[in-house]
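In: what would the 3D arrangement of this be:
(one chain, ligands or ions: 1)
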Amino acid sequence: MCEKQGRMPLIGEKAPSFKAETTQGTVNFPDDYKGKWVIFFSHPADFTPVCTTEFMTFASMQDEFKTLNAELLGLSIDGIYSHIAWLRTIKEKIEYKGMKDVEVNFPVISDLTMEVANKFGMIQPGESNTQAVRAVFVIDPKATVRAVLYYPLSNGRNMQEIKRLLIAMQHSDEHGIATPANWQIGDDVIIPPPGSCGAAKERVESAGDDVECLDWFLCLKKCPHKEKGV
Ligand code: BEZ
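Out: Below is the predicted model of the structure:
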């Protein structure tokens, strides 16, 4: 067991490749996702209450993620027939917070051998030897891991936060900016800190209508707009 346990792929590393059976057929990662962001997440088990609320929420937001050029990909240590039965039950029977008749159209990996979960450090024995923790890997269009979240079995994730983080990272890539605490689309963004004394001086002196410097290392400017998916 210990030998097989993978370490989590770190931010900035290529995400491990794999081939897996899913509720939507075979997935070859990353080849099937060229040019797209991937939100790859694990859940502990099918037919469990917290996971059910998470799946309904993710599925209800699938179009919002697609608008952001991002695909959802789930995984648990369950068989395909269990996945299918659970997703059918969700669609046919479960109504939660105004969501009903929810169809989960994104692929959910059946990982009974734990091969994929181990590659991504999703089995964390302090929490469970048989169930994946609630992991989220945000993987960019070049298959590089850009963000990693791990939650315990007992607590559901905030899908709005995952979407917010994705938008923030896309803004950073596109505009070379950083985003402050609790940033939301439309809020001011941070200009990366200057790398030299000269640049710091210039930054503060040139601050004007569109740049506000609280000090030489903390300058903000208006959010470069991007409407899609918000
Ligand atoms: C749940 O999804 O509800 C759950 C799964 C495993 C342990 C505890 C809760």
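
In: check which helices and strands the lengthiest helix in the chain sits against.
Out: Using DSSP state H to define each element, the chain has its longest helix at helix 159-175. Packing partners of helix 159-175 (3 or more Cβ pairs under 8 Å, 6 or more residues apart in numbering; DSSP states H and E): strand 37-42, helix 49-60, helix 62-67, strand 134-139, strand 145-151. For every residue, glycine as well, the C-beta is placed using N, CA and C.

In: please redo it, this time with the cut-off set to 7 Å
Out: strand 134-139, strand 145-151 (3 or more Cβ pairs under 7 Å, 6 or more residues apart in numbering; DSSP states H and E).

In: how far off strand 37-42 does that helix point, in degrees?
Out: Inter-element angle recorded for helix 159-175 and strand 37-42: 150 degrees (by axes from the mean of the first three to the mean of the last three Cα atoms, to 10 degrees).

In: what does the helix or strand following helix 159-175 rub up against?
Out: Next helix or strand after helix 159-175 toward the C-terminus (DSSP states H and E): strand 189-191. Contact with strand 189-191 is made by His171, Ile177, Ala178, Thr179, Pro180, Val211, Cys219, Leu220, Lys221, Cys223, as judged by Cβ atoms under 7 Å, 6 or more residues apart in numbering.

In: what's the first helix or strand after strand 189-191?
Out: Next along from strand 189-191, by DSSP H and E: helix 197-206.

In: show me what counts as buried in the helix or strand that that following helix is followed by.
Out: Downstream of helix 197-206, the first helix or strand assigned by DSSP H and E is strand 211-215. Within strand 211-215, the residues that count as buried by 16 or more other Cβ atoms under 10 Å are Cys213.

In: how about the residues of the protein near the ligand?
Out: Within the chain, the residues that sit near the ligand (Cβ under 6 Å from any ligand atom) are Pro44, Ala45, Thr48, Pro49, Val50, Cys51, Leu153, Ser154.

In: the second one - how many residues pack around it?
Out: I take that to be Ala45. Applying other Cβ atoms under 10 Å, we find 17 residues neighbouring Ala45.
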